[in-house]
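> Fold the following, please.
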Amino acid sequence: MLKPARLLLALIAVVAAPVFAQNAATVNGKAIPAAKVDQMVKQVVAQGQQPDSPQLREMVKKELIGREVLLQEASKQGYGAKPEVKSAIDNAAQSITINAMLADYVKKNPVKDAEIQAEYDKYKAAVGDKEYHSRHILVATEQEAKDIIAKLKAGGKFEELAKVSKDGSANNGGDLGWMTPAKLVKPFADAMVALKPGAITETPVKTEFGYHVIKLEESRATKLPALAEVKGQVSEALQQKKIAAYRDELIKKAKVQ
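Numbers count the residues shown, from 1 in each chain. Below is the predicted model of the structure:
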């Protein structure tokens, strides 16, 4: 039969064993829970960096020990009491809390395939079924543009005359490359699509940038990526719209003074 003192020691050992088992290590008496190692290992595995293994767990454990040593030293030197550190911690805590809520919101309000299809169709309609390769010469006054048109009709080379253009295309013969009308200001786009390949505008085209002389080189069917190729991007964009709408709804309900 155990004596009272030995019995007490035995009971302490039984009770303490599970506690020690729950800690991966202690640093200057501060415990690092095994659950913290598990959590970080899961994050590493979820990111596809490497599989769960004894080597990974040992690496994570050493990382957490290193963090704890640095944290204790930083606290000892008073960094935790600095206003800028407190503010940064507060901002980080806010971000973590908000992101957790929004992640749950996205799970409960997922983007549907029908929404993705509708957004893709809207994009296709906005882009149009044709794209155009054009050149232009941009000048400040209508008279300058008229003079250039007269020189072109007299046999002047567009690429040479384009050197006076007041934009970056001057160094490239006025070449604007391939573009869809949706990417251009309306007066320019309207004049461009009305041209036949090789033709130039008969009159200057005025836009907010100045006066343009436009030449259409060629046109072709628009090359759009298939829905399957951009589905992830479209879904992400729609998710962000949902989150923005949710935030705006909360702002409207809030009492903001």
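
> and Gly80, what does it touch?
For Gly80, the contact set (Cβ atoms under 8 Å, 6 or more residues apart in numbering) comprises Ala74, Lys86. Backbone N, C-alpha and C define where each C-beta goes, glycine included.

> and it, backbone torsions?
As for Gly80, its main-chain torsions (degrees, to the nearest 10) stand at phi -60, psi -20.

> please renumber so the chain begins at 11
Fine by me, first position is 11 from now on; the one you just mentioned is Gly90.

> per-residue pLDDT, it?
Listed pLDDT for Gly90 reads 92.

> go on, Asp139?
89.

> Likewise for the one 10 residues further on?
According to the prediction, Val149 has pLDDT 98.

> just the one 4 residues further on next, same as before
Note for Gln153: predicted pLDDT of 98.

> again, but for Gly58
At Gly58, the model reports a pLDDT of 86.

> tell me the SS of it?
coil (DSSP: H, G, I helix; E, B strand; the rest coil).

> State the number of residues packed around it.
Per other Cβ atoms under 10 Å, the neighbour tally for Gly58 reads 7.

> residue ranges for the helices of the protein, please.
Ranges of helices within the chain are 14-31, 44-56, 64-86, 93-118, 123-137, 152-163, 168-171, 196-203, 237-263, based on DSSP state H.

> could you check the angle helix 64-86 makes with the second one?
Between the axis of helix 44-56 and that of helix 64-86 there is an angle of 120 degrees, by axes from the mean of the first three to the mean of the last three Cα atoms, to 10 degrees.

> For Lys196, see how far away Thr190 is.
Between Thr190 and Lys196 the distance is 13 Å, computed by Cβ to Cβ, to the nearest Å.

> who has more neighbours, these two?
Shown here are Thr190 and Lys196; by other Cβ under 10 Å, Thr190 has more neighbours (16 against 10).

> pretty sure that one contacts Ala135?
No. Judged on Cβ atoms under 8 Å, Thr190 makes no contact with Ala135 at a distance of 11.5 Å.

> tell me the most buried of the helices of the chain?
Of all those, helix 196-203 has the most neighbours on average by mean count of other Cβ atoms under 10 Å, namely a mean of 18.
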